[in-house]
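**Q** coords below, sequence missing:
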């Protein structure tokens, strides 16, 4: 998970971005083939992140396709669904954001 430093304290909107499914779905990427066949502008989430930050929104980029680090399982991220549920219950549910988009 990647996030702006103040995402839990931010009172305005919070933008939650979720990548596409594996293979090709990585944090910050809508789809690998879009990056390769079109451009990073179309295939990556940079534009959305920059626009949200310009508007003063908090941003969280989920990475549900990664469930281990160096072969060691990440508790709560055993599957993409479990990753998102853990992210929601552990961090987003308690965020002070006015709304989560």
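**A** The structure has been received and is ready for your questions. These numbers were taken from a predicted model, which means no experiment stands behind them. Numbers count the residues shown, from 1 in each chain.
**Q** next helix or strand past the helix or strand containing residue 53?
**A** Using DSSP states H and E, residue 53 sits in helix 46-54. On the C-terminal side of helix 46-54, the nearest following helix or strand under DSSP H and E is strand 58-62.
**Q** ok, and what's touching that following strand?
**A** Here strand 58-62 makes contact (CB atoms under 8 Å, 6 or more residues apart in numbering) with 1-4, 6-7, 10, 12-19, 27-28, 45, 49, 52-53, 83-84, 87, 91-92, 95, 97. C-beta coordinates here come from the backbone N, C-alpha and C atoms, glycine included.
**Q** what about the helices in this protein?
**A** With helices called from DSSP state H, the chain shows them at 32-37, 40-43, 46-54, 80-87.
**Q** quick one on the thing from earlier: let's see which of the contacts of strand 58-62 end up in strands.
**A** Residues of the contacts of strand 58-62 located in strands (DSSP state E): 2, 3, 14, 15, 16, 17, 18.
**Q** and which of those is nearest residue 72?
**A** Using CB to CB, the shortest approach to residue 72 within the ones in strands among the contacts of strand 58-62 belongs to residue 2, at 19.7 Å.
**Q** Look up which residues are beta-bridged to the residue nearest to that closest one when sequence neighbours are not counted.
**A** Counting by CB to CB, 6 or more residues apart in numbering, residue 61 is the residue found nearest to residue 2 once chain neighbours are left out, at 4.3 Å. Taking DSSP bridges as the rule, residue 61 bridges to residue 2, residue 17.
**Q** Give me the PyMOL select line for the contacts of strand 58-62, limited to the buried ones.
**A** Filtering these down to the buried ones (16 or more other CB atoms under 10 Å) takes a single PyMOL command:
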select buried, resi 1+3+4+7+10+13+14+15+16+17+18+19+27+28+45+49+52+83+84+87+92+95+97
